[in-house]
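Trainee: Here you go, sequence then predicted model.
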Amino acid sequence: MDFNDTPEQAAFRGEVRAWLADNAEPRKDRPSVSRRLDAEEGLILAKKWQNVKAEAGYACRHWPVEHGGQGRPMIETIIYDQEEASFDVPTGFFGIGLGMCGPIMAKYATEEQQARYIPPMIRGQEVWCQLFSEPAAGSDVAGLRTRCHRDGDDWVVNGQKVWTSGAHYSDYGILVARHDSSLPKHKGLTFFFIDMKSPGIDIKPIKQINGGSNFNEVFFTNVRVPDSQRLGAIGEGWQVAIATLMNERLAVGDAPPPDFREVMKLAASCLLDGKPALEDSAVREKIADWYVESMGMKHTKARTLTALSQGRIPGPENSIGKVISASKLQNVSSFGADLMDMGGVVTDPSLMPAAALFQQSYLYSPGLRIAGGTDEILRNIIAERVLGLPGEIRVDRDVPYSDIPTGS
Amino acid sequence: MDFNDTPEQAAFRGEVRAWLADNAEPRKDRPSVSRRLDAEEGLILAKKWQNVKAEAGYACRHWPVEHGGQGRPMIETIIYDQEEASFDVPTGFFGIGLGMCGPIMAKYATEEQQARYIPPMIRGQEVWCQLFSEPAAGSDVAGLRTRCHRDGDDWVVNGQKVWTSGAHYSDYGILVARHDSSLPKHKGLTFFFIDMKSPGIDIKPIKQINGGSNFNEVFFTNVRVPDSQRLGAIGEGWQVAIATLMNERLAVGDAPPPDFREVMKLAASCLLDGKPALEDSAVREKIADWYVESMGMKHTKARTLTALSQGRIPGPENSIGKVISASKLQNVSSFGADLMDMGGVVTDPSLMPAAALFQQSYLYSPGLRIAGGTDEILRNIIAERVLGLPGEIRVDRDVPYSDIPTGS
Amino acid sequence: MNFDFSDAQKALKQQTRGFLRAACDTTVPRRVLENADEPYAGELWQQICANESLGIAIPEEYGGIGFGYLELCVVAEELGRAIAPVPFSSSVYLATEAVLLGGSEDQKQALLPKLAAGEAIGTFALSEGPGQATEANLQTTLKNGRLSGTKVPVPDGDVADFCVVVARDGNGASLAVVDLGADGVSREQVDTLDPSRSNARITFDGAEAELLGESGQGWQLKNRVFDRAAVLFAMEQLGGADACLEMAIGYAKGRYAFGRPIGSFQAIKHKLADMYIKNELARANCYYGAWALSTDAPELPVAAAAARVAAIQAFHFASKENIQTHGGIGFTWESDCHLYYRRAKLLALSIGSERVWKDRLVSGLQEEAA
Amino acid sequence: MNFDFSDAQKALKQQTRGFLRAACDTTVPRRVLENADEPYAGELWQQICANESLGIAIPEEYGGIGFGYLELCVVAEELGRAIAPVPFSSSVYLATEAVLLGGSEDQKQALLPKLAAGEAIGTFALSEGPGQATEANLQTTLKNGRLSGTKVPVPDGDVADFCVVVARDGNGASLAVVDLGADGVSREQVDTLDPSRSNARITFDGAEAELLGESGQGWQLKNRVFDRAAVLFAMEQLGGADACLEMAIGYAKGRYAFGRPIGSFQAIKHKLADMYIKNELARANCYYGAWALSTDAPELPVAAAAARVAAIQAFHFASKENIQTHGGIGFTWESDCHLYYRRAKLLALSIGSERVWKDRLVSGLQEEAA
């Protein structure tokens, strides 16, 4: 065991650090540039920065050269990301494109399409989104209802998608739709990439319970998509979607703070019965629990990085991350508010410890337990794919889609 | 709301109290008579006491007069039991007979059989047991394999039952067996009462993980049962069994100590970091949690008693009792041992607080989460029968029993 | 043994539920939540006044209808179920109880009839910002009948007519009544997790105030008020928790995934069973607390704490797992899930958090054992 | 970044696993559990001695093979998986570490070669009965080189040749080495939750003992020994937790109810997923602890506490829910479930309970932050 870089990795890290020092500002103890700006300004700056990175060869460094990457080992991309995290650079718009759409284009699109679409994606010139979930197809993605039918060289799409992050600023999107309802649900799906500026696409932001709007509803009314933008064979949409979702699960990041650190800080300044809450054993036990969870996830990631660094494929251990971190965020938030006792309901940042971070995350955290796979679906996945337990009894597997009970 | 007796109830309570004072010793701060004696002696004394109670009209007071009861309201039986709990009387052998077998005999046996079997049951002269569970049919009781076939006026039973409490000292038992494997599982069952001294019955005690043996395996080899001892029609065994199990769930008692009281006592005498553990806030929070659960169950029972006292049928609220109390016992036990720190593993009663009660219940409590319905089955029952949620998808409902997958 | 509400109390409950179903469906708390200009639902408050609900537990001699606390508990449970956006808890559970327990005859005569009629809204101010308020760390002072200091959050402090304030004077903690329209009082709405119930930050700058109860006995008096209020808050929380369970059951039955209702999956079934279990534990403890409140039993401090702890736990769990049961839609503003999730936290922190009440509970058990 | 064991360490792990699968299937701990006369598995212990496992982390100059702690961790994980009934933890994690950390050159020369060869079994005595041992409440005294007092439970105290004892002398707490065969020592087996590992009650009545480390520094030295032992105990617990998960998965796949494997029900699936999650959290913390132990990193106190806490939680959960997954059969003596349930509690209380380690963890974080 050795937490140090190899000489080669250390050299690369030094190079990156130097380049970042020349090209960006170190992070300071204030909101990051992305949080200081509104989304529109943020997007402009983020596109610029992504282009600078790409020019220097640091964007998607592990992607093949012909796609605009450098064909270097994955660990170099990770080292770059680790170093970039110490700098205050504008980010946050390209995760879905680079994490999900790029890899799927690389696998299924023609060479010409790859040459056309992937380089601008890497350079931040074109933003991509993902159109899978529907109002009646959340955990059960394959139950989706959006229809498509062939019309000449085109397909015509009608229906509704939901939970599409970035739909309103995206140039392109990947989409799965149902071309045949008489086939079993997983067999009647076909996959496309689409131009988000196509006529017939209507985008509405969704207001979340915390008041923010990170997601959209997207409505399709006779939207025409050329057959050349089909990815995979007709009826092979589910396999393509599954490959994409696998990429999504790898891309899921850490939960945002507060975590045990913020609770410790709060508990040091809060009094309980006249003594600092940090001396209270019930508080200490909670901090220890969350520390163990946080470090467990951190070191689990280190195991994954080790595998990547050695050119191996990571094991299933990463699957536990979101199950743990989403609930932890909700519990930490609630606990932090409770430590503030009767005053814990106030959300005015100017009046509150940590600028009301605990209160904000109390409202935000329920979404983390749902987005990207609910707690329940993730436990199913761990049980079936990692532990090898048998699947659910399925009533919807071998019948025509149109015969599956929907309750309506 | 009024926790006092009605004048009539108060009069009855006074009468009972006086009678008990004349006929029994008050409970003292030492193990009860049943715990001081071995099972054989205990049984002899318990039979005597049950007979004394019955002669005085206090045994099964709410049962009809023709069965040996007094035809009085249920609340009088409860008042008697409440008062008896303050006296050190030998009990513990008649719960299954009076709680499950008696009511089912009263519903399904002939008048002659009722006259023959119920009065000696009430008087403690004959002990009954229940033979439902099997090695391959635990939570799925209806999956049982014990076979019976008709031979002249008799039925011949072969197979194995398990988890039968008191089989070795019982005179009679109730039994459900499969008469036809070509029918769906719930339809091929028939119900009997049997003489436990019949030839071909072989009883072996089961040793539990705590070293005790409260249960038995019972093997049946060509055991003959007269058709006259069939309860319900041929093929109606499941309905009879279900009616019996309903009685069982009402009869499930409180979990034994330790509870919050014992934790408080322990915490008052144990030091943590040099101070009484009872001053430690993590300990106090646990005590509060368990107090709330205990009182919640106690007051829930009071709601049930109120319904019985008013001649109404209790609601479903009692179903929560075992789910809560079994896990609580396991958690309290584990916590108590932890409070004793490195010394908490010792089981020698002479060296340990509460005579090693916490250690004993650590080993005993896992059984409570399983016996009489596992945590999982009970949550299913609450969800389906109380909350009205839809049932599981069933693959074993409408196919011949012999076609149901068994994994072997 | 009669551990049940009377037929008349049950009828009152049904009647209140029917009234609130008509007058306060979830569009009403949502409207208040979304409009900063509407601190509470005025027309609903008028109807509640007209129903004489404010004076249920106030003796007739002071303008109330003198029913009793079991009746008040029944109404509280229904207001909680409806997540009613009105200053009922501040005015009835806190201000009224404080005056009843600590007020002089003159104060009772002056304040109670107005509270009973809804002519005045009262509230109670303890908290002085994030962190547990204790007798030792009180910053607000009462000197020569003048209050100075800042209280935040004060529930309904922006709309109340008067406030009972916990302050420090020469003898320790004391309670004082202050007219919120008086000179030296400034107040502003403060944002909270649940904007359907308004809260204020109130600054006293030498505002005239009148002692309520004995000087130096304010902390004990506050504890007695909070013990009584704890039962009533717990009843509201119980009602809210039940509403969440009903909502979750309804959704789980009607929402299909993988060709079957999601309520047929054990993960959902057992989640809702756990919700039911917590709600039943809360109900049993709440009803016992209601009995102890109504009879002023010596068991009240422990019974109130147990009701409060159980109800906090039940509503917290039910409101968050109701969102989870709904999945994505539960995280949207349009869904009603968040109305309960917000209210659960607001009520959980009113009159002190779970840990404070757990500590009081165990202290009470120690006193009983001593 | 290389957060992984080396190929050689992995090979040692496989080899140890293979050896224990053959030499220590569950009939071995069961035999020791059922026979009071067999305090540990003698022939297994001989094989472990022969494999030179006892001296893995002892430098060659003291008769060990001087591999290092990562190798010892790997062996500990496998011993834990096999719930091996041998005095390994007492002799290797506790006695050996105490001598290595606190012993004089003479003491090292005298004791380590015997420990490495298995010619002597050592152990460590802190607890003096139920309740947390602290420096202030130690009753055992060391005066003029003589020990007096009672220690219980002492792991393997009935079979060990010598013991490191925490005692009070004029300068505070000190460690002392005592020959358990000496005059003034009486010992008897004491019943515990896990009879597959023997424990003793040892009474010292003026027994001759030799100071280990400086007088008055015993508590700090004990803490350093326990920090190191905590990682090794945690590795054993991790192995045990993994064994429970494997056992539960196997049963859930093969046991049918309602016409389907019980592992196809979400209640079981999610229970086993939770077991996996806790085990993975424990694994990550344990491996990090192993790194800190092997490099004697300044992070060791916090890393050891985190490994210990996570491993206690994982093994506790896995051992109890393994019984639950098995249902009735899991509650029988014949099933192996209880072997793990007992061992989980024994290991959870050795060297101090979860709460003690949580407190150490947070204290360590406070020191790091200071």
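Mentor: It's in. Numbering: from 1, shown residues only, chains lettered A, B, ... in the order given.

Trainee: Might you report the residue contacts of the residue lying farthest from the centre of chain A?
Mentor: Most distant from the centre of chain A: A:G274, at 43.1 Å, with distances by CA atoms, centre = their mean. Counting by CB atoms under 8 Å, 6 or more residues apart in numbering or on different chains, A:G274 touches C:134, C:136-137. C-beta here means a position set from N, CA and C on the backbone, and glycine is covered the same way.

Trainee: So which of those sit within strands?
Mentor: Assignment to strands by DSSP state E places none of the contacts of A:G274 there.

Trainee: Would you reformat these as CSV and include distance to chain B, pLDDT and neighbour count?
Mentor: Rendered in CSV, the data for these read as follows (distance: CB to the nearest CB, whole Å; pLDDT from 0 to 100; neighbours: other CB atoms under 10 Å in any protein chain shown):
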residue, distance to chain B, pLDDT, neighbour count
C:T134, 15, 95, 15
C:A136, 18, 94, 12
C:N137, 18, 94, 12
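
Trainee: Nearest to D:A305 among these?
Mentor: Using CB to CB, C:T134 comes nearest to D:A305 of the contacts of A:G274, at 31.6 Å.

Trainee: From A:D273, how far off is that closest one?
Mentor: For C:T134, the distance to A:D273 (CB to CB, to the nearest Å) stands at 7 Å.

Trainee: Then A:D280?
Mentor: For A:D280, the distance to A:D273 - CB to CB - is 8 Å.

Trainee: And those two? Which one has more around it.
Mentor: A:D280 (22 against 14; other CB atoms under 10 Å in any protein chain shown).

Trainee: and the more buried one, what is it in contact with?
Mentor: A:D280 touches A:267, A:272, B:281, counting by CB under 8 Å, 6+ apart.

Trainee: continuing past whichever strand or helix holds C:A304, what's the next helix or strand?
Mentor: Element membership for C:A304 (DSSP states H and E) is helix C:300-326. Once helix C:300-326 ends, the next helix or strand along the chain (criterion: DSSP H and E) is helix C:337-349.

Trainee: Packing partners of that following helix?
Mentor: helix A:320-339, helix A:357-368, helix C:27-34, helix C:218-254, helix C:300-326 (3 or more CB pairs under 8 Å, 6 or more residues apart in numbering or on different chains; DSSP states H and E).

Trainee: The last one close to chain D?
Mentor: Put plainly, it is helix C:300-326. No. Against chain D, helix C:300-326 shows no contacts by CB under 8 Å from any CB of the partner chain, the least distance being 13.4 Å.

Trainee: Go ahead and confirm C:V99 touches C:Q109.
Mentor: No. Using CB atoms under 8 Å, C:V99 is not in contact with C:Q109, being 10.2 Å away.

Trainee: higher neighbour count, these two?
Mentor: Using other CB under 10 Å, the more surrounded residue of C:V99 and C:Q109 is C:V99, with 26 against 13.

Trainee: measure the more buried one to chain B for me?
Mentor: The spacing between C:V99 and chain B, counted by CB to the nearest CB, to the nearest Å, is 26 Å.

Trainee: any idea which of the helices and strands packed on helix C:337-349 is most buried?
Mentor: helix C:300-326 (a mean of 28; mean count of other CB atoms under 10 Å in any protein chain shown).

Trainee: which residues are contacting stretch A:35-44?
Mentor: So stretch A:35-44 is in contact with A:30, A:33-34, A:45, A:90, A:92-93, A:127, A:169, going by CB under 8 Å, 6+ apart.

Trainee: and of those, the nearest to chain D?
Mentor: Taking CB to the nearest CB as the measure, chain D sits nearest to A:R30 out of those, at 21.4 Å.

Trainee: Quick check: A:G391 touching D:Q266?
Mentor: No. Counting by CB under 8 Å, A:G391 stays clear of D:Q266, with 10.9 Å between them.

Trainee: So which of these two has more stuff around it?
Mentor: When A:G391 and D:Q266 are compared for neighbours, D:Q266 comes out ahead with 21 against 12, by other CB under 10 Å.

Trainee: Run a quick check on the more buried one versus C:I262, I expect a contact.
Mentor: No. The pair D:Q266 / C:I262 is not scored as a contact, 11.2 Å apart, by CB under 8 Å.

Trainee: what residues are shared contacts of these two?
Mentor: Shared contacts of D:Q266 and C:I262, defined by CB under 8 Å, 6+ apart, are absent.

Trainee: Number of residues surrounding C:A257?
Mentor: C:A257 has 22 neighbouring residues, counting by other CB under 10 Å.

Trainee: scratch that, A:T347 is what I was asking about
Mentor: Neighbour number of A:T347 under other CB under 10 Å is 20.

Trainee: Next: A:D202.
Mentor: A:D202 has 12 neighbouring residues, counting by other CB under 10 Å.

Trainee: Thanks again, I'm all set now.
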